[in-house]
Structure formats: structure tokens, C-alpha cells
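sequence and predicted structure, then a few things I'm wondering about:
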Amino acid sequence: MTYRDVASKQVLIWACTAVAARMPVAMAPLALVFLVRERPGGYTLGATLAAAYVLGEIIAAPVLGMRLDPARGRCHLALGLAGGAVGFTGLGVLAGAHPLVLGAFAFLAGAAPAAAAGGQRALLTSLVPERAVAQALSAESMLMSGVWAVSPVAVAGLALGVAPRLPLLLAAALMASSIAGHWLLPAGWGKGEEEGEAGRPKRRVLIRAWPVYVTGAASLTLLGLAELTLPALLEQRGIGVGWSGPMLAGMATGAGLGAFVYGLRSWPGRLRARSVVLMCGMSAFVALAALIPGAAGIAVALVLAGTLQSGALITRNLSLREALPPGALAAGYSVMYAAAGAGYAATGSLAGGLLQVVAPSTAMVAGVVLTLLLTALGWWGEVRRARSNTAEVLGVDVVRGACAEGAPIAGGGDT
């Protein structure tokens, strides 16, 4: 069980395809701000376009994820990525159009490929042996950490150095190229099925996994709050706001390192217990970042928080594999993607509201408290679901045992 089990030509093709599909997602919010910032009220319009993009993701991810067919996933993903490429192309070509037109293209760019991340993750885990799934998810997390670290730099450089529309045209080209990459990969990641285990409808199976979504969204919500309040926190401490960029880059680097370490070995304990430990550790480091007065201490705390956060997300993805049948995994990943997006969007509103009435450090600590409450809720839900599953299994065994009694012998029951 090492990273050697993940190293293959198919996984390499998948990695190139995933980078091409997901870098536009990482580029989009900042690229939309740069696209219209020189208009009157440009920053407000840019934030509105970014909100339309995120709203498209949140709405479409569960809807499209439910429709993904494991046997023909490639066609579904290709159609979604093509729609996303059209949305980004419209934004780049029609940069001077009416805000409503730009908003419609932004919504399309976010909504059309919203199920791609879930489908690609399900495809990745089908390309490796079962024993190497944790390593595959760790490799994916490292890859995406790199994408999210590079994307803002690329957007700022292209928009300021060449043209504001260029990042969006590049996003369109990348997303279109990812469609070609999928034709070098398997057509799907399993047998087509419309229902989950024991004949339950897929929707009901997905709803039963709600504790995993809650905990997964909580981790992104906490770090989202840390990111959004960091500039104000540095100003409160008398530290140059310009240090926020390097600190966030360090947090992304820590996330990549944490993902690598997580995949090096198997870890003790149940997944839900492991998740609680990682979430509590991450919360502690974010709280330290809020309370430490020095820049070096804040930077170290954020790096350590990012390191634990990547492990928490990998654990959540593994928990989802335990909670859902194979045919519903891509839909489950898409629902968790939507939950994380909704949590991050809510974080922006929460941060804005808190910073109006409390100090930045207090706002960050409030986010920690909220995260711990959500973590406790998710853990309770997983324990309850595990007990329910155990009771169902015991009930089935009792019924099977009664039915297994042999035919009566000489008028009596089979002893």
C-alpha cells in the first residue's frame, strides 16, 4: 500500500485531465473580478458575477451528480465540461456586455461542469487497486493544492500584464482540452444502476450520508473564514496586510504536505474518530492563529491547520465510500462539493457580518466554535447511522435464521 500502486499511465492521463478541468474553477472568482474591475462599480459587479458562478455550482452539483451514470460517465462529464467551456468563452469574448448577460454566462460556467469533480474522483478510484484508494485520494488532494496555489498568481499576471479577458479565455481552452483527455480514459467507473443498496432509491441513499457532508463542509467553512478574515486580523495585529498572500500560500503548501503524509501509511482508528481528531486539531491551530500576536506564529499555525485540513477531507472522502454503494459515489462526491460550496459562500456573509461588530480575532474564534459544533453533529450522525445499520443487519440475520429452519420432522420442528 504505497504511492507506487497509484503510478500508472492511466492515472497520469487522469491527472492532466483533472488539472485542465479544475484549474478554471480555481481561476474563476478572481478572474471575474479582474474582468470588470475597470467599469463603474466594477468590484461590486465582479463580486456579483463570482456569486452567480458559485451559485451555479451549488445548485447544479447535486442535480447533475444524481444523473451521472457510472457506466457512461464519460459522455455526461464531456457534456458538462463543454457547457462550462461555452460559459467561459462567452465571458471572455463578450467582456463588455450587459451585466445580466455576463451573469448568465457566469452561472453557466459554474453550473454545467459542477458534477465533473465528483465524477472524476469516482473515475480515479476505479483506476487503482482497492488497497490504494487512500493514496489515490491523497495524490488528488496534493494535485488540487497545487492548482489552487498557482491559479491566483496566473490570473493576476495575465489580467494585469496582458488583458483582463485572457484568464477566462484560457479557462475556456483548458476546460475544452479536458474533454479530449476523457476520451483517453475508460468510459465509466462501474456498472450503471439507478438504485442503491437493498433497492433503495439513490436519493434516499445519499440523504442517509448527511453526516459526512456536514463534517466535510465544516472543514472548508473554517479555513474559508480564516482566509477571508486574515487581512483584517493582520491589520489588527499591526502586521502588513501584504503578508496575507504568502501566509495563504503557506497554508496551501501545508495542505499538499498533509495529503502526502496521510497517504504514506494506514492510520489507526475508525474513520469517524480519525476525522474528529483531525478537525479538532485543525480548529485548535486556527484558534491559535487568531490569538498569537506575531506574524511568524500566525504563519506557522495556518500551515499546520492546512496540513490537518487535507487529512480531514481525505478521511471524509473515504467515509463517503463506506457510506454509499459504488453506483452512488459520484453523486455523493458532487453533493459534498455542493455542501462545501454552500458553506464557503455562507462563510463570506458570516465574515462580513461579524467583522462589523467584533474584532477579527473574535470572528475567527467564533468560526472555530461553529466548526466544532458541526463536527460534533456530524460525529453524532455517523454513530447513529452505524447503530441503525447494525440493527438492520441483525434483523436480517434473525429473519434468515428463522427461514433457514428445516422442514418439520415427524410432526416436530427441526432442532
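Good, I have the coordinates. Residues are numbered from 1 along each chain as shown.

C-alpha only now, for contacts and for neighbours.
Fine.

nearest the geometric middle of the chain, what residue?
In the chain, the C-alpha nearest the mean C-alpha coordinate belongs to Tyr337, at 4.5 Å (C-alpha atoms, centre = their mean).

residue ranges with poor pLDDT in this structure?
Along the chain, segments meeting pLDDT under 70 span 1, 191-201, 389-415.

and the contacts of stretch 166-175?
20-24, 27-28, 31-32, 81-82, 84-89, 91-93, 154-155, 158-159 (C-alpha atoms under 8 Å, 6 or more residues apart in numbering).

so which residues of the chain form helices?
For the chain, the helices defined by DSSP state H cover 9-36, 42-67, 73-93, 99-111, 116-126, 133-161, 166-182, 202-208, 210-236, 244-262, 271-291, 295-323, 329-357, 360-403.

and the spatially closest residue to the residue nearest to the centre of the chain that is not a sequence neighbour, how far from Leu350?
Nearest residue to Tyr337 in three dimensions, chain neighbours excluded: Ala61, at 7.0 Å (C-alpha to C-alpha, 6 or more residues apart in numbering). Counting by C-alpha to C-alpha, to the nearest Å, the gap from Ala61 to Leu350 is 23 Å.

these two - which one has more neighbours?
Neighbours of Ala61 and Leu350, each counted by other C-alpha atoms under 10 Å, are more numerous for Ala61; the result is 29 against 15.

how near is that one to Arg67?
For Ala61, the distance to Arg67 - C-alpha to C-alpha - is 10 Å.

Val155 contacts Ala31, correct?
Yes: if you go by C-alpha atoms under 8 Å, Val155 and Ala31 touch, sitting 6.0 Å apart.

need phi/psi at Gly41.
phi 60, psi 30 (degrees, to the nearest 10).

use 24 as the first number from now on
Done: numbering now begins at 24, and the last item shifts to Gly64.

mind listing what Pro47 touches?
191, 193-195, 197-198.

format those as TSV; extra columns: distance to Val299 and neighbour count.
Output for those, formatted as TSV (distance: C-alpha to C-alpha, whole Å; neighbours: other C-alpha atoms under 10 Å):
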residue	distance to Val299	neighbour count
Leu191	39	28
Leu193	40	20
Ala194	37	29
Ala195	39	27
Leu197	37	20
Met198	36	30
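
how close does the closest residue to Arg60 other than its chain neighbours get to Ala73?
Of all residues not flanking Arg60 in the chain, Tyr66 sits nearest, at 5.2 Å (C-alpha to C-alpha, 6+ apart). Separation of Tyr66 from Ala73 (C-alpha to C-alpha) stands at 10 Å.

more neighbours: these two, which one.
Neighbour count, other C-alpha under 10 Å: between Tyr66 and Ala73, Ala73 has more, with 22 against 17.

my guess is the more buried one meets Val59, correct?
No: here Ala73 lies out of contact with Val59, judged by C-alpha under 8 Å, at a distance of 11.1 Å.

once you drop chain neighbours, what's closest to Gly65?
Val59 (5.1 Å).

just give me the neighbour total for Leu207.
12.

again, but for Ile321
Residues near Ile321, counting by other C-alpha under 10 Å: 22.

for it, give me its contacts.
Counted by C-alpha under 8 Å, 6+ apart, Ile321 has contacts 311-313, 315.

put the buried members of those residues into a ChimeraX selection.
Per 16 or more other C-alpha atoms under 10 Å, the buried members of the contacts of Ile321 correspond to this ChimeraX selection:
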select :311,312,313
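
tell me how this structure divides into domains.
24-154+173-215, 220-414 (automatic domain parsing).

a markdown table please, covering these and showing distance to Met165.
Below are these laid out as a markdown table (distance: least, C-alpha to C-alpha, whole Å):
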| stretch | distance to Met165 |
| --- | --- |
| domain 24-154+173-215 | 11 |
| domain 220-414 | 4 |
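
closest to Leu160 out of those?
Of all those, domain 220-414 sits nearest to Leu160, with 6.3 Å by C-alpha to C-alpha.

just how off-centre is that closest one within its chain?
10 Å (C-alpha atoms, centre = their mean, to the nearest Å).

kindly indicate which of the contacts of Pro47 lies nearest Arg260.
Nearest member of the contacts of Pro47 to Arg260, counting by C-alpha to C-alpha, is Leu191, at 36.3 Å.

and the residue nearest to Arg60, what does it touch?
Neighbours of Tyr66 in contact, by C-alpha under 8 Å, 6+ apart: 56, 59-60.

show me what counts as buried in stretch 329-346.
Judged by neighbour count using 16+ other C-alpha under 10 Å, the buried positions of stretch 329-346 are 329-344, 346.
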